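Engineer: Okay, structure incoming, though there's no sequence with it:
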Ligand SMILES: [Zn+2]
């Protein structure tokens, strides 16, 4: 059966796996179902904001200490799928939230 897919980034796509749209990496690793945040299926690296470089330093150290830089990697091949700056402890931000009425990627 032919796999239908939607490319979201260079290495991230939605494709039908057993009839359900799932996020997959270019290496073939399945990162999770389409309703979920694909970042949940990634390996997370969380770093201080200061790791971004001097241009990202805040004049308010208290605020800077509440924020973090997150990187999301494929746990299989290590490619980085996403980054975000967020408050420490906050849920992952949603970069992609498709609306699929059938739960599968279909031809348009
Ligand atoms: Zn991968």
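Structural biologist: Nice, I can see it. Computed from a predicted structure; not experimentally measured.

Engineer: Tell me if I'm right that residue 42 and residue 84 touch.
Structural biologist: No - counting by CB atoms under 8 Å, residue 42 stays clear of residue 84, with 11.4 Å between them. Every C-beta, even on glycine, is put in place using the N, C-alpha and C of the backbone.

Engineer: Looking at those two, which one has more neighbours?
Structural biologist: With neighbours defined as other CB atoms under 10 Å, residue 42 and residue 84 compare such that residue 42 has more, 25 against 15.

Engineer: Please name the nearest non-neighbouring residue to that one.
Structural biologist: residue 72 (3.8 Å; CB to CB, 6 or more residues apart in numbering).

Engineer: and the one you found, that one's in a helix?
Structural biologist: No - in this structure, residue 72 is strand, not part of a helix, as judged by DSSP: H, G, I helix; E, B strand; the rest coil.

Engineer: what's the neighbour count on residue 7?
Structural biologist: The number of residues near residue 7, taken as other CB under 10 Å, comes to 11.

Engineer: check contacts around it.
Structural biologist: residue 13 (CB atoms under 8 Å, 6 or more residues apart in numbering).

Engineer: any idea how far it lies from residue 51?
Structural biologist: 30 Å (CB to CB, to the nearest Å).

Engineer: Equivalent analysis for residue 102, please.
Structural biologist: Residue 102 is 42 Å from residue 51, by CB to CB.

Engineer: Could you do residue 33 as well?
Structural biologist: Applying CB to CB to residue 33 and residue 51 gives a distance of 32 Å.

Engineer: So these two - more neighbours on which side?
Structural biologist: residue 33 (16 against 12).

Engineer: what bridges to the more buried one?
Structural biologist: Residue 33 has the following beta-bridge partners by DSSP bridges: residue 22.

Engineer: from what I can see it touches residue 20, true?
Structural biologist: Yes - the criterion here is CB under 8 Å, and residue 33 meets it with residue 20 at 6.2 Å.

Engineer: And the helices in this structure, which stretches?
Structural biologist: According to DSSP state H, the chain carries its helices in the segments 61-66.
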